[in-house]
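one predicted model, sequence on top.
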Amino acid sequence: MNEKVLINKIQQGSREALGLLWKSHSTKVLNLAFRMLKNRDEAEDALMDIFVSVPGKIQSFRGESALGTWLFRLTVNECLMKLRSKKRHAELEEGHIDVLLNSAIGSKNDEPLDYDPELLEFGLSKLPAETRSMLWLKDAEDLGVKDLSEIYNMPEGTIKARLSRARTVVRSFLQENQNYA
Amino acid sequence: MRNQIDFSRVERIKPRKDSWDMVCARLDSSKKNKVLTFFQARSIFAVAASFLVVAFIAAWTTFNKLDSETLLIKNVASDELVSWYNDLGESSDDELENLDTYTSISYLLQETK
């Protein structure tokens, strides 16, 4: 079904259309929420909260961005809200990346290494929730910088800088810990 | 892109089987709540409207009663009585109407006997 038709039908209250959106996007939304919240049950709750809110929020959606991008924005906002309400957002603030980055400078980070997935997951979890989600969307979901700029409401330059720093931190963590894995 | 981190081997979780049913159930219950709120709001308007109607009827009845009392005085106070009252030096009909109805009528009846 054409995305515009799908949006129109959801706006008119079609449960079937919402079901199609669920089929095409729920896994991606869940994985993003899981990477941000680091908890399966909370990620499931966030997924359901988001889809319950879709029929209401889509009324003001003008279709300027892709439906998937809009859903990712809802997901990021929902997860950040949940993290803030639990005050877990202080897990690693953006400033701490610089500290980690200093220790990572000088390490070789360009070679494509075959990382252990669990270690990679752990390395990802070292980042602040927002940066973590940003890196996940870019490298795992293959979203463009322009889409990320829309989702996070940030200039593309800022997105690129944060992605670069995030990759450096993750790679540094992986290289330090690969020997122990 | 060479600079990207390869997440392809990282596990992707899938939504639980009952998650969609739970979303539907929550959507249905929120719809019911909306309908309930609509009727609750309407019942408040209905109660307020009925209070207004009752107040209006009560006020209307009171005014009608006053009118009928005024008419009664005029009916009782015949031209003969009014002219007699005027002869006493009072020319305004209002004064007559301002008198206590029963006192003035009984007084005038006694006087005319």
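Perfect, I can see it now. Numbering: from 1, shown residues only, chains lettered A, B, ... in the order given.

for chain A, what are the nearby residues on chain B?
With C-beta under 8 Å from any C-beta of the partner chain as the criterion, chain B meets chain A at residues B:2-16, B:19-20, B:22-24, B:26-27, B:30. The way it works is simple: take the backbone N, C-alpha and C, and place the C-beta from them, glycine included.

which members of those residues occur in helices, if any?
Members of the residues of chain B next to chain A lying in helices (criterion: DSSP state H): B:Ser19, B:Trp20, B:Met22, B:Val23, B:Cys24, B:Arg26, B:Leu27, B:Ser30.

which of these are buried?
B:Ser19, B:Trp20, B:Met22, B:Val23, B:Cys24, B:Leu27 (16 or more other C-beta atoms under 10 Å in any protein chain shown).

what about stretch B:10-26, how long is it end to end?
32 Å (C-alpha to C-alpha, to the nearest Å).

returning to what we had before: now the ones in helices among the residues of chain B next to chain A as a markdown table including pLDDT?
Compiled in a markdown table, those are given as follows (pLDDT from 0 to 100):
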| residue | pLDDT |
| --- | --- |
| B:Ser19 | 94 |
| B:Trp20 | 95 |
| B:Met22 | 95 |
| B:Val23 | 95 |
| B:Cys24 | 94 |
| B:Arg26 | 94 |
| B:Leu27 | 93 |
| B:Ser30 | 83 |
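
of the buried ones among the ones in helices among the residues of chain B next to chain A, just say which sits nearest to chain A.
Within these, proximity to chain A (C-beta to the nearest C-beta) peaks at B:Val23, which comes in at 4.8 Å.

do I have it right that the closest one meets A:Val54?
No - taking contacts as C-beta atoms under 8 Å, B:Val23 lies outside contact range of A:Val54: 9.1 Å.

what residues does the helix or strand containing A:Asp41 touch?
A:Asp41 belongs to helix A:40-57 when assigned by DSSP states H and E. Helix A:40-57 has contacts (C-beta atoms under 8 Å, 6 or more residues apart in numbering or on different chains) with A:10-11, A:13, A:18, A:21-22, A:26, A:29-30, A:33-34, A:36-37, A:71, A:74-75, A:78-79, A:82, B:13, B:15-16, B:19, B:22-23, B:26-27, B:30.

after it, which helix or strand is next?
In N-to-C order, the element after helix A:40-57 by DSSP H and E is helix A:67-86.

how many other residues sit next to whichever residue of chain A sits closest to chain B?
For chain A and chain B, the shortest gap (C-beta to the nearest C-beta) falls at A:Ala140, measuring 3.7 Å. Residues within reach of A:Ala140, counting by other C-beta atoms under 10 Å in any protein chain shown, total 20.

distance check, the closest residue to A:Tyr115 other than its chain neighbours against A:Pro117.
Spatially, and ignoring its direct neighbours in sequence, A:Tyr115 is nearest to A:Leu174 (5.2 Å; C-beta to C-beta, 6 or more residues apart in numbering or on different chains). Applying C-beta to C-beta, to the nearest Å, the value for A:Leu174 to A:Pro117 is 11 Å.

kindly report the same for B:Leu88.
Distance, B:Leu88 to A:Pro117, using C-beta to C-beta: 117 Å.

now the helices for chain B?
With DSSP H as the criterion, chain B has helices at B:19-76, B:79-87, B:93-98, B:101-112.

and what about the residue nearest in space to the middle of chain A, helix, strand or coil?
For chain A, A:Ser133 is the residue whose C-alpha lies nearest the centre (C-alpha atoms, centre = their mean; 2.7 Å). Secondary structure, DSSP: H, G, I helix; E, B strand; the rest coil: A:Ser133 is helix.
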